[in-house]
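Enquirer: can you look at this prediction? I've put the sequence above it.
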Amino acid sequence: MRTYQDEPVMLRETLAKTMIEYAGKDTRIVALDADLASSSGFGAFQKAFPDRFFNCGVAEANMVGIAAGLSSTGRIPFAHSFGTFASRRVCDQIFLSGAYSGAHMVIVGSDPGVTAAYNGGTHMPFEDMGVLRSIPGIKLIEVTDSAMLRGVFDEIISSPAVYYLRLKRKVTTAVYGEGEKFKIGRANVLREGKDAAVICSGIMVAESLKAADILESEGIKVTVIDMHTWKPIDEDIVAKYAKETGVIITAENHNVVGGLGAAVCEAVCKLSPCRVIRHGIQDEFGEVGTESYLKTRFKLNAADVAETVRKAIKL
């Protein structure tokens with residue numbers, strides 16, 4: 001049985017530590033931040049490699065342009081800002097200077113969705129992955145926990161592309177153990193069940209596993225799939241469980257418009273039509289509050305996912 005528990009470290013610490021480890025072996029790796037080094041954890045990278053860190057100030061579009069320029073000289077830049085500013089504000093730079101130009105760069109968008117908490121609606125990215133998903137060739141990854149973050153690094157460094165790495169800055173729930181394997185573009189099936197499939201990512205993975213526990217106590221068995229890569233999405237897994245269960249529920253800390261649910265619907269329409277219910281932000285703006293309050297406000301708790309599954313299998 002797949003377990004889940006709070007991690008002892010913040011994801012931003014794991015990110016900085018992993019970058020420092022890889023940068024010690026690969027001089028191409030550099031870091032850029034938009035005056036948020038204390039928030040992102042990049043301050044640790046700055047201390048370790050002061051000549052390979054660039055504070056670009058509150059000028060995110062320029063930061064992405066600089067990152068693209070560094071990529072053109074053979075560097076592998078990691079550029080961070082909060083998810084709203086790492087997507088909406090810099091979309092044109094990511095498109096033209098990044099993807100169109102064939103850059104190898106990593107845009108880190110932190111505090112996705114309700115995890116922005118007290119930063120409120122202006123800083124609460126419910127749309128970041130949707131904004132970027134239509135850019136040709138971009139790879140969109142929502143990290144589940146520290147083990148996954150470390151596990152995708154080899155491929156990120158060795159496979160040139162523009163990456164958008166969506167991750168919570170602070171403590172998250174550990175789902176994976178050290179040494180587990182991850183492949184960008186390949187989902188992880190965490191639990192098997194015949195009645196429905198829940199396709200999720202990020203903070204919704206643990207909530208979906210908890211929902212599966214609730215449902216199992218009622219005799220309902222669901223498959224739980226961590227679709228950590230939204231683009232390229234794992235169409236084979238979507239088609240397999242569309243055929244086997246006939247009902248898919250997507251669970252995302254993101255607007256259902258243009259988000260994971262939309263990507264799954266596109267794959268289902270193309271490969272194996274079935275019922276898809278999109279559980280997530282229902283085309284709303286964010287607001288100020290604790291993460292706990294916001295998960296309740298936007299129905300992102302395990303009980304909410306379980307209720308959506310119940311309704312879906314009764315339709």
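Expert: Alright, I've got the coordinates. Residues are numbered from 1 along each chain as shown.
Enquirer: and the helix or strand containing Ile20, which residues are buried?
Expert: According to DSSP states H and E, Ile20 maps onto helix 11-25. When burial is assessed from 16 or more other CB atoms under 10 Å, helix 11-25 yields the following buried residues: 11-20, 22-23. Using the backbone N, CA and C atoms, a C-beta is placed for each residue, glycine as well.
Enquirer: need the contact partners of the next helix-or-strand element following it.
Expert: Past helix 11-25, further along toward the C-terminus, the next helix or strand under DSSP H and E is strand 29-33. When contacts are defined by CB atoms under 8 Å, 6 or more residues apart in numbering, strand 29-33 is touched by residues 19, 22-23, 40, 42, 45-46, 49, 52-56, 63, 66-67, 70, 75-81, 157.
Enquirer: quick one: strand 29-33 to helix 11-25, angle?
Expert: With axes from the mean of the first three to the mean of the last three CA atoms, to 10 degrees applied, the angle from strand 29-33 to helix 11-25 works out at 140 degrees.
Enquirer: what lies in contact with stretch 60-74?
Expert: Stretch 60-74 is contacted by residues 28, 30, 32-34, 54, 56, 77, 79, 81, 85-86, 89-90, 92-94, 97-98, 101, 103-105, 107 when judged by CB under 8 Å, 6+ apart.
Enquirer: and the contacts of strand 29-33, which are buried?
Expert: Listed as buried from these are 19, 22-23, 40, 42, 45-46, 49, 52-54, 56, 63, 66-67, 70, 75-81, 157; burial here means 16+ other CB under 10 Å.
Enquirer: which stretches in the stretch 201-315 of the chain count as strands?
Expert: The residue ranges that make up the strands of the stretch 201-315 of the chain, judged by DSSP state E, counting those that start in this stretch, are 222-226, 229-231, 247-255, 275-281.
Enquirer: quick revisit: just the C-alphas of the helix holding Ile20, formatted as PDB.
Expert: As requested, the backbone C-alpha atoms of helix 11-25 are provided in PDB (Å, rounded to 0.1, in the frame of the first residue of the first chain):
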ATOM      1  CA  LEU A  11      10.900  21.500  -1.400                       C
ATOM      2  CA  ARG A  12      12.900  24.700  -1.900                       C
ATOM      3  CA  GLU A  13      15.700  23.300   0.200                       C
ATOM      4  CA  THR A  14      15.700  20.100  -1.800                       C
ATOM      5  CA  LEU A  15      15.800  22.100  -5.000                       C
ATOM      6  CA  ALA A  16      18.700  24.200  -3.900                       C
ATOM      7  CA  LYS A  17      20.600  21.200  -2.500                       C
ATOM      8  CA  THR A  18      20.100  19.200  -5.700                       C
ATOM      9  CA  MET A  19      21.200  22.200  -7.900                       C
ATOM     10  CA  ILE A  20      24.300  22.600  -5.800                       C
ATOM     11  CA  GLU A  21      25.100  18.900  -6.100                       C
ATOM     12  CA  TYR A  22      24.700  18.900  -9.800                       C
ATOM     13  CA  ALA A  23      26.500  22.200 -10.300                       C
ATOM     14  CA  GLY A  24      29.500  20.900  -8.500                       C
ATOM     15  CA  LYS A  25      29.900  18.300 -11.300                       C
END
